[in-house]
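[1] prediction below, plus the sequence it came from.
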Amino acid sequence: MSQAGFTAPHYLASQTGMQVLQDGGSAIDAMVAAAACIAVVYPHMNSLGGDGFWLIQRQGEAPVAIDACGPAAQLVNPDGYTSDTLPARGTAACITQGGTVSGWQRAREYLSQWRQPLPLSELFEDAITYCETGFSVSESFVNASHKILSQGGVNDAFKQTYTRGGEPLSNGDTLVNPELANSFRHLAQADLNAFYQGDIGQRIYQYFETCDSPLAAADFMNFSAQYVEPLSVVTSRATLYNLPAPTQGIASLLILAIYDRLYQASWNEALQIHYLVEATKLAFQIRNRYVVDPADLTQDLNHFLDADYVHQLSDQISSSSVLPWPHTALPGDTVWMGAVDHEGTLVSFIQSIYWEFGSGVVIPDTGVLWNNRGVSFSLDKNDSNYLRPGRKPRHTLNPAMAVFNDGKRMAYGTMGGEGQPQTQAAFFNRYVYQQQSLADTIAAPRWLLGRAWGDQSHNLKLEAELMQTEGTALQSIGHDLTEVPGCNELMGHAGAVVLDKQQRVSVATDPRSDGAALISESGNG
């Protein structure tokens, strides 16, 4: 009897995805349904106006990747800014396309190569229901609401949608978004391209024409998500896959490749953390120097995953001292979700609006919240991430996948901006090298170097339990430590789905989130 599994950082999205799987739908169908649902119930983390990335692997085949990252507007003028930083909130922050809906379309096109995708009207049922009848907002939503409202810059449609008369909601309050329900209905009837080339796209760019956003009709008419070749690296335990530029997938792969090259079974917990942190520093230097829009790459990123280059990086790490730090950190807020269906198709998916609630701009009459991904560009002409028309910004998003030597396959990932590669590494180390259970690896206390989600400091943060057991040893090596409360959201919302050779599924979600990890037996389809 085959199994299927689904995990998401909000339980309602997990339930939506699992119901599709139980009804015999594919992992891609389930992910589209859950992506729509979580855009409704976790709007501070993601939306239809954000970006997305996919890794999809059919059983016995190589993974396929989809880049659904929106580029900067064709009319954006980097010389037109009077400040040396880009606007983070308000319509002036709306300078990049929202690519995720086109990514859903690409994934459905890929699915159609071997089976008929389920109707969008069916996949959007839960999202529409929660838009119209409402859902209880989470503590995470409330905290993010207080933050963005204190910063200002949100438009009237945002306040009408996500506040009560301009005041933040309280934990457990009911939120509805009937205009977004209408947008889902329209997309189900017209198809997903309507978000760009149809009525919804027209409403969005016509709104932007009335304000100080450079996004225009041409940016919508000419955009589509793209299939891309995943990055991969072979370690002693598994072949690891992630997304290429403009994501930081290279950093996630490099951390684990360096660590695998050095790993010794005799290391204690403190030494394992030390080597992962030092590998993170080296990987982030590569990321910051070389990861740009794919059209502007000066170096094939596969070069850095070559065994000889990994060896060179590994030689820079000492067991008794630390490498210099800090560096400029990358923020970002996101949802990661994973699925495997009864046919063994595995999906690792990530969807983001960048900062909490993105730009703070809801497009009137659509309920769609727009991203502020463009704030990650630089206005320094000497920076490789310099803002230019049509270019994609450096991305924190990077859904991961592993095919193990014993035949197991795993989709895994997390939210958390700068913390994503680190949380992936902490999780992978415990699951693979320490051989802990999937649930324990995600629940265990974590570390994080640099700026975490919602935080500005750059030192090494340890959750309280980890500080108590490993803090002294790490400080003796030279690490600058800060203790944070246990089970802390700033450490990200991790999750994983594993399918073994016997077609048994393991699945886990993060207790730091509002998620659920679900398994079902063979479906109806």
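    Received the coordinates, thanks.
[2] biggest helix in this structure by residues?
    Taking DSSP state H as the criterion, the chain has its longest helix at helix 269-290.
[3] for the residue nearest to residue 277 when sequence neighbours are not counted, which residues are in contact?
    Nearest residue to residue 277 in three dimensions, chain neighbours excluded: residue 449, at 5.4 Å (Cβ to Cβ, 6 or more residues apart in numbering). Yep, even glycine has a C-beta here, placed from its N, CA and C like the rest. Shown in contact with residue 449 (Cβ atoms under 8 Å, 6 or more residues apart in numbering): 277, 280-281, 325, 422, 458-461.
[4] correct me if wrong: residue 474 contacts residue 483.
    No. Using Cβ atoms under 8 Å as the test, residue 474 is too far from residue 483 to be in contact (11.5 Å).
[5] give me the number of residues near the nearest residue in space to residue 318 that is not next to it in sequence?
    Among residues not flanking residue 318 along the chain, residue 278 sits closest, at 7.9 Å (Cβ to Cβ, 6+ apart). When neighbours are defined as other Cβ atoms under 10 Å, residue 278 has 27 of them.
[6] list the contacts of residue 278.
    Here residue 278 is in contact with 317-318, 322-323 (Cβ under 8 Å, 6+ apart).
[7] for stretch 233-245, what is the distance to the chain centroid?
    A distance of 18 Å separates the centroid of the chain from that of stretch 233-245, by Cα atoms, centre = their mean, to the nearest Å.
[8] what do you get for stretch 147-166?
    Relative to its chain's centre, stretch 147-166 lies at 24 Å (Cα atoms, centre = their mean).
[9] tell me the mean pLDDT for it?
    Across stretch 147-166, pLDDT averages out at 95.
[10] can you give the contact residues for that stretch?
    For stretch 147-166, the external contacting residues (Cβ under 8 Å, 6+ apart) are 43-44, 87-91, 93, 145, 167-169, 173, 175, 177, 179, 356-357, 359-364, 367, 369, 454.
[11] among those residues, name the ones in strands.
    Counting by DSSP state E, the contacts of stretch 147-166 place 175, 361-363, 369 in strands.
[12] between these, which is closest to residue 407?
    Using Cβ to Cβ, residue 369 is the member of those that lies nearest residue 407, at 41.4 Å.
[13] mind listing what that closest one touches?
    Per Cβ under 8 Å, 6+ apart, neighbours of residue 369: 43, 47-50, 158, 161, 353, 357-359, 361-363.
[14] same thing but at 10 Å, please
    By Cβ atoms under 10 Å, 6 or more residues apart in numbering, the residues touching residue 369 are 39, 43-44, 46-50, 98, 154, 157-158, 161-162, 177, 180, 353, 357-363.
[15] pLDDT weak spots in this structure?
    Where the chain drops to pLDDT under 70, the residues are 1, 326-333, 451-457, 522-525.
[16] what's across from residue 340 in the sheet?
    Assessed by DSSP bridges, residue 340 has beta-bridge partners residue 5, residue 346.
[17] tell me, how many residues neighbour it?
    Neighbours of residue 340 using other Cβ under 10 Å come to 31.
[18] so who does it touch?
    Counted by Cβ under 10 Å, 6+ apart, residue 340 has contacts 2-7, 21, 27, 30, 57, 59, 346-347, 409-411, 497-499, 503, 505-507, 519.
[19] could you flag which of these are buried?
    Buried subset of those (neighbour count, 16 or more other Cβ atoms under 10 Å): 2-7, 21, 27, 30, 57, 346-347, 409-411, 497-499, 503, 505-507, 519.
[20] tell me where the stretch 51-200 of the chain has helices.
    Taking DSSP state H, counting those that start in this stretch to define them, one finds helices in the stretch 51-200 of the chain at 100-111, 120-123, 125-133, 139-151, 156-162, 178-190, 199-209.
[21] give me the helices and strands touching the shortest one, please.
    The reference is to helix 120-123. Helix 120-123 sits against helix 11-22, helix 27-41, helix 100-111, helix 178-190, with contacts defined as 3 or more Cβ pairs under 10 Å, 6 or more residues apart in numbering; DSSP states H and E.
[22] buried deepest among these, which one?
    The highest mean neighbour count among those, using mean count of other Cβ atoms under 10 Å, belongs to helix 27-41: a mean of 29.
[23] that one to helix 100-111, inter-axis angle?
    Helix 27-41 and helix 100-111 meet at an angle of 160 degrees, taking axes from the mean of the first three to the mean of the last three Cα atoms, to 10 degrees as the criterion.
[24] just the angle for helix 27-41 relative to helix 178-190, thanks.
    Using the same axes, to 10 degrees: helix 27-41 against helix 178-190 is 160 degrees.
[25] which residues sit in contact with residue 434?
    By Cβ under 10 Å, 6+ apart, the neighbours of residue 434 are 269, 272, 440-441, 444.
[26] the same query, at a cut-off of 6 Å, please.
    Residues counted as contacts of residue 434 (Cβ atoms under 6 Å, 6 or more residues apart in numbering): none.
[27] so how far is residue 476 from it?
    Note on residue 434: its distance to residue 476, by Cβ to Cβ, to the nearest Å, is 22 Å.
[28] buried residues in stretch 407-417?
    Counting neighbours by 16+ other Cβ under 10 Å, stretch 407-417 gives 408-417 as buried.
[29] then stretch 52-72?
    52-58, 63-72.
[30] could you do stretch 160-173 as well?
    160-163, 168-169.
[31] the residue nearest to residue 277 pairs with what?
    Beta-bridge partners recorded for residue 449 (DSSP bridges): residue 460.
[32] for residue 55, see how far away residue 407 is.
    Counting by Cβ to Cβ - residue 407 and residue 55 are separated by 18 Å.
[33] ok, of the buried residues of stretch 407-417, which one's closest to residue 136?
    Using Cβ to Cβ, the buried residues of stretch 407-417 come closest to residue 136 at residue 415, 20.4 Å.
[34] can you list the domains in the protein?
    Per the record, the chain has its domains at 4-227+333-376, 231-331+401-520, by automatic domain parsing.
[35] for the first one, measure first residue to last.
    Between the opening and closing residues of domain 4-227+333-376 we find a distance of 37 Å, counting by Cα to Cα, to the nearest Å.
[36] cool, the last one as well?
    Taking Cα to Cα, the first and last residues of domain 231-331+401-520 lie 31 Å apart.
[37] how far does it sit from its chain's centre?
    So, by Cα atoms, centre = their mean, the centroid of domain 231-331+401-520 is 14 Å from its chain's centroid.
[38] in a strand, that's where residue 351 is, yeah?
    Yes. The assignment for residue 351, made by DSSP: H, G, I helix; E, B strand; the rest coil, places it in a strand.
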